[in-house]
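Trainee: Next comes the sequence, and after it the predicted model I'd like to discuss.
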Amino acid sequence: MYNYPGSYPVTLIVTDTFNLVSDTLRQTFVVIDCDTNRQLKNRIDPKVVAYQNYNFIDNINDYQISPNPSEGRFYLSGLPCKSLSISVYNIKGCQIFNKNITFDGTYELDLSTCSPGMYIAVADDGIEKHRFKLILLK
């Protein structure tokens with residue numbers, strides 16, 4: 001797959017079976033030598049890192065939710081769109097909130113009446129579903 005020396009960007013996206021939670025890991029791997037017939041261990045300092053630009057990203061998309069964790073009020077921000085469906089699910093997968101809005105670039109999501117814990121928010125703009133893990137503290 002990586003048959004030539006160089007830098008290769010790799011993205012790994014892991015989701016749960018319900019497709020509600022996802023985490024993304026981006027790394028750039030640096031291939032130093034592709035000759036598998038030679039032993040590189042004697043020629044490369046073991047302290048050399050074989051990858052660079054390690055960056056953990058909760059969700060790669062045009063939307064953000066902050067603050068997270070929160071004591072009840074979360075703020076969704078991003079690119080304005082005509083129609084945005086926002087749903088929130090509890091840890092058991094039950095929908096506890098659903099609303100269709102005209103998104104002007106910001107939206108306040110109030111979960112202050114909910115119990116503390118982890119929730120999943122899904123913002124569906126009709127093109128893509130953006131998922132967020134929300135931590136509610138009291």
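Mentor: Yep, it's here. Numbers count the residues shown, from 1 in each chain.

Trainee: Distance from the chain centre to stretch 111-121, please.
Mentor: In this view, stretch 111-121 has its centroid 19 Å away from the chain centroid, taken as Cα atoms, centre = their mean, to the nearest Å.

Trainee: List the neighbouring strands of the helix or strand harbouring residue 28 plus their orientation.
Mentor: In the assignment (DSSP states H and E), residue 28 maps to strand 22-31. Its sheet considered, strand 22-31 pairs with strand 6-15 (antiparallel), strand 51-57 (antiparallel) by DSSP bridges.

Trainee: mean confidence for it?
Mentor: For strand 22-31, the mean pLDDT works out to 70.

Trainee: And the strands paired with strand 22-31, which one averages the lowest pLDDT?
Mentor: Looking at those, the bottom one is strand 51-57 with a mean of 35.

Trainee: any idea how far the closest residue to residue 84 other than its chain neighbours lies from residue 109?
Mentor: Of all residues not flanking residue 84 in the chain, residue 103 sits nearest, at 3.9 Å (Cβ to Cβ, 6 or more residues apart in numbering). Placement of C-beta: from N, CA and C, glycine included. Residue 103 sits 12 Å away from residue 109, going by Cβ to Cβ, to the nearest Å.

Trainee: who touches both of these two?
Mentor: With contacts taken as Cβ atoms under 8 Å, 6 or more residues apart in numbering, residue 103 and residue 109 have residue 76 as neighbours in common.

Trainee: Tabulate the CA atom coordinates of the helix or strand that contains residue 101 in CSV.
Mentor: Taking DSSP H and E as the definition, residue 101 sits inside strand 95-103. Provided in CSV are the C-alpha atoms of strand 95-103 (Å, rounded to 0.1, in the frame of the first residue of the first chain):
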residue,chain,number,x,y,z
GLN,A,95,-34.4,10.3,21.6
ILE,A,96,-35.0,12.9,24.2
PHE,A,97,-35.0,16.0,22.0
ASN,A,98,-35.8,16.7,18.3
LYS,A,99,-36.3,20.1,16.6
ASN,A,100,-36.1,21.4,13.0
ILE,A,101,-34.8,24.9,12.8
THR,A,102,-33.6,27.5,10.3
PHE,A,103,-30.0,27.7,11.4
